[in-house]
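1. just coords:
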């Protein structure tokens, strides 16, 4: 079974295996980051995503998905190693010598899409050993890569990729923000100024405009510590920072090594007790002289994530300290955000976070109007099944939304940057337990089967993006996964974001929502770190009596009742931001645009050689 497109053809294997076979590792680059968690099923399918950092930065690059770190300084799949190598000296469309000889023949023979240029057709697919280390199949002699012992491969974007933002890119006074929802997009370099008005860069978030910082915690998947430190204003640059991460062994050692010049940085390692899980949560806890703030976001702490990608965040208000002697239940919000945040932090079972748990208890979080939706690794039974993952979302939608007349016509929309293994057909997880969660509206007894629109960039979206093909390094949907779930692709819709000016800024944001049939109203909206995968959202086991979650994830859910509304009106023109608008700023265009017959979902580990990107380059990852 095969599919054709203007970029070539790829063929589905005849494997009956429902599991996704992960690629062999992660890529570390002196400027590029990991693949945003592909949170695949328990065999994570997401390749390390390429994120780039400035030449001087020591960025840890690893696959965002659920792959365990492997034991070498440069742990990269064969496809990703070659992709990085070819992008450093970009392969030009007309005259590239790399298309000569064997590589040219293979690309031609496969109509442009090949799994790898290894003699053995499955050279990039490796099973994991019980010890969580990949069993590396030796590449054939003529394609064997030289192992580099002491340096990371260069960034695939090249050393001149980043352009310094103009000084007025950053805020010098408190920007006009929509405080009603406190949902913001990241600034994107190169856009018309109006599309960055009311958007936030990390340097804005950490500036003195929002408080006099005393101490902070950074939860994330990928870090470039030197770059991160520079984002703090000079007067806060030596204030204590706790980094919460999921790295182990060599990856952890490299992370600690990055922090050696910065004695004010400490570490907290998240426990990942279930194989192929990742610490994918992205959150900042900021303690000021004036109060306390929580920010839940979708960006890694590397420059590439804050440059030309679409990202989002919930930026909480400045929480004041409670009066001395306040009760233990004081400072709670109607959404029980304080309780749920403390529960989430406690799930780490980490002494390093205990001080913050006690500190948060002293603050008034009652202004919060969003619900916390988290995932933490574990197997849960009984009432605990509803604490995490998609059953947590289902419980919140059951308790805090209302049935809507004609709800069977209200489509569900999911938008993400990585995709895990869904199974051999839609009933295995997506249209079964996950769709039941997404279609929950109050205590309705209906079990509707409304349209489901999945927004994920096509090859053409990536090719014409601001970054060109290298943007696809942050969209780690692998051929090994895709070829086993062609049924999924009928759900796909293009990434188009003209309303926010971000059609060419590839999404690293993840959002889920329920829209009216005319796409002018929302029944609810969620922004989260969780991609479309069972590792991120959890999967039912043991005849639906147990929920198993592999990864740490975190997001916030907006329900209209918390804002004294019945639905959220969709804001058709969210930029420039107005502080008084009641419309919700959906980050992409509604209704979503279905793939055409020629469109294909972006798959990061196959070549695209028949059409150059906007920089004149092609994509040859293997």
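-> Yep, it's here. Since this is a predicted model, take the numbers as computed values, not measurements. Residues are numbered from 1 along each chain as shown.

2. when you work out contacts or count neighbours from here on, use the C-alpha atoms and nothing else.
-> Will do.

3. how about the helices in this structure?
-> 78-88, 101-109, 202-205, 225-231, 249-258, 337-346, 351-360, 389-400, 435-438, 459-463, 479-482, 534-537 (DSSP state H).

4. for the fifth one, what is the distance to the chain centroid?
-> In terms of CA atoms, centre = their mean, to the nearest Å, the gap separating the centre of helix 249-258 from the centre of its chain is 22 Å.

5. next, the buried residues of it.
-> Within helix 249-258, the residues that qualify as buried by neighbour count (16 or more other CA atoms under 10 Å) are 251, 252, 254, 255, 258.

6. picking that back up, hey, least reliable of the helices of the chain by pLDDT?
-> Mean pLDDT values for the helices of the chain show the minimum at helix 101-109, a mean of 33.

7. grab the nearest non-local neighbour of residue 493.
-> If you skip the residues right next to it in sequence, residue 493 has residue 594 as its closest partner in space, 4.2 Å away by CA to CA, 6 or more residues apart in numbering.

8. again but with residue 498, I slipped
-> When the adjacent residues along the chain are set aside, residue 498 lies closest to residue 589, with 6.4 Å between them (CA to CA, 6+ apart).

9. that neighbour against residue 496, yeah?
-> Yes. Judged on CA atoms under 8 Å, residue 589 makes contact with residue 496 at a distance of 5.8 Å.

10. the two: which is more packed in?
-> When residue 589 is set against residue 496 and neighbours are counted by other CA atoms under 10 Å, the residue ahead is residue 496, at 25 against 19.

11. ok, that one to residue 448 distance?
-> Residue 496 sits 27 Å away from residue 448, taking CA to CA, to the nearest Å as the criterion.

12. around the residue nearest to residue 493, how many other residues sit close by?
-> A count of nearby residues for residue 594, using other CA under 10 Å, gives 16.

13. repeat for residue 263
-> Burial of residue 263 is recorded as 11 neighbouring residues (other CA under 10 Å).

14. mind listing what it touches?
-> Counting by CA atoms under 8 Å, 6 or more residues apart in numbering, residue 263 touches no other residue.

15. residue contacts, residue 595?
-> By CA under 8 Å, 6+ apart, the contact set of residue 595 is 458, 492, 493, 494.

16. pull out the buried members of the residues you listed.
-> Among these, those classed as buried by 16+ other CA under 10 Å are 458, 492, 493, 494.

17. would you confirm that residue 501 contacts residue 195?
-> Yes. Look at residue 501 against residue 195 with CA under 8 Å: they come within range, at 5.9 Å.

18. and these two? Which one has more around it.
-> Applying other CA under 10 Å to residue 501 and residue 195 shows that residue 501 carries more neighbours, namely 23 against 20.

19. so how far is residue 562 from that one?
-> Here the distance between residue 501 and residue 562 works out to 29 Å (CA to CA).

20. cool, and residue 255?
-> Applying CA to CA to residue 255 and residue 562 gives a distance of 40 Å.

21. picking up where we left off before, between the buried residues of helix 249-258, which is nearest residue 297?
-> residue 255 (21.2 Å; CA to CA).

22. how far away is that closest one from residue 490?
-> Looking at residue 255 against residue 490, where the rule is CA to CA, the gap reads 41 Å.

23. include distance to residue 549 when you put the contacts of residue 595 into a markdown table, please.
-> Output for the contacts of residue 595, formatted as a markdown table (distance: CA to CA, whole Å):
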| residue | distance to residue 549 |
| --- | --- |
| 458 | 29 |
| 492 | 25 |
| 493 | 27 |
| 494 | 29 |
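
24. show me which positions of stretch 208-228 end up buried.
-> Applying a neighbour-count criterion of 16+ other CA under 10 Å, the buried positions in stretch 208-228 are 208, 210-228.

25. for stretch 182-196, same thing?
-> By neighbour count, and taking 16+ other CA under 10 Å as the criterion, the buried residues in stretch 182-196 are 182, 183, 184, 185, 186, 187, 188, 189, 191, 195, 196.

26. can you check the pLDDT for the last one?
-> Okay, so that is residue 196. The model reports residue 196 with a pLDDT of 94.

27. that one reaches residue 576, doesn't it?
-> Yes. With contact defined as CA under 8 Å, residue 196 counts as touching residue 576 (7.5 Å).

28. where exactly do the strands run in the stretch 401-550 of the chain?
-> Along the stretch 401-550 of the chain, the stretches classed as strands by DSSP state E, counting those that start in this stretch are 412-415, 452-455, 492-493, 510-515, 521-528, 539-541, 546-549.

29. residue ranges with poor pLDDT in the stretch 151-300 of the chain?
-> The stretch 151-300 of the chain contains residues with pLDDT under 70 at 151-161.

30. how does it look with 90?
-> For the stretch 151-300 of the chain, residues meeting the criterion pLDDT under 90 lie at 151-180, 190.

31. quick one: the strands in it?
-> Remark: strands of the stretch 151-300 of the chain, listed N- to C-terminal, are 183-185, 213-219, 241-245, 265-269, 283-288, 292-297; assignment by DSSP E, counting those that start in this stretch.

32. kindly reformat the ones you listed as TSV containing distance to residue 395.
-> Compiled in TSV, the strands of the stretch 151-300 of the chain are given as follows (distance: least, CA to CA, whole Å):
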stretch	distance to residue 395
strand 183-185	23
strand 213-219	25
strand 241-245	28
strand 265-269	30
strand 283-288	23
strand 292-297	21
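
33. closest to residue 312 out of these?
-> strand 183-185 (4.3 Å).

34. give me the contact list for that closest one.
-> The contact list for strand 183-185, computed with CA under 8 Å, 6+ apart, reads 198, 199, 200, 310, 311, 312, 313, 314, 315, 585, 587.

35. inside strands: which ones of those residues?
-> 312, 313, 314, 315 (DSSP state E).

36. the last one and residue 292 touch, don't they?
-> No. Counting by CA under 8 Å, residue 315 sits too far from residue 292 to count as a contact (11.5 Å).

37. which residues touch residue 179?
-> With contact set as CA under 8 Å, 6+ apart, residue 179 has these partners: residue 579.

38. measure it to residue 449 for me?
-> Computed as CA to CA, the residue 179 to residue 449 distance reads 35 Å.

39. low-confidence ranges in the stretch 501-622 of the chain?
-> 576-582, 621-622.

40. could I get the contacting residues of residue 522?
-> Under the contact definition (CA under 8 Å, 6+ apart), the residues listed for residue 522 are 513, 514, 515, 516, 567, 568, 569, 570.

41. neighbour count for those residues - can I get that in JSON lines?
-> Putting the contacts of residue 522 into JSON lines (neighbours: other CA atoms under 10 Å) gives the following:
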{"residue": "513", "neighbour count": "20"}
{"residue": "514", "neighbour count": "24"}
{"residue": "515", "neighbour count": "25"}
{"residue": "516", "neighbour count": "21"}
{"residue": "567", "neighbour count": "21"}
{"residue": "568", "neighbour count": "23"}
{"residue": "569", "neighbour count": "20"}
{"residue": "570", "neighbour count": "19"}
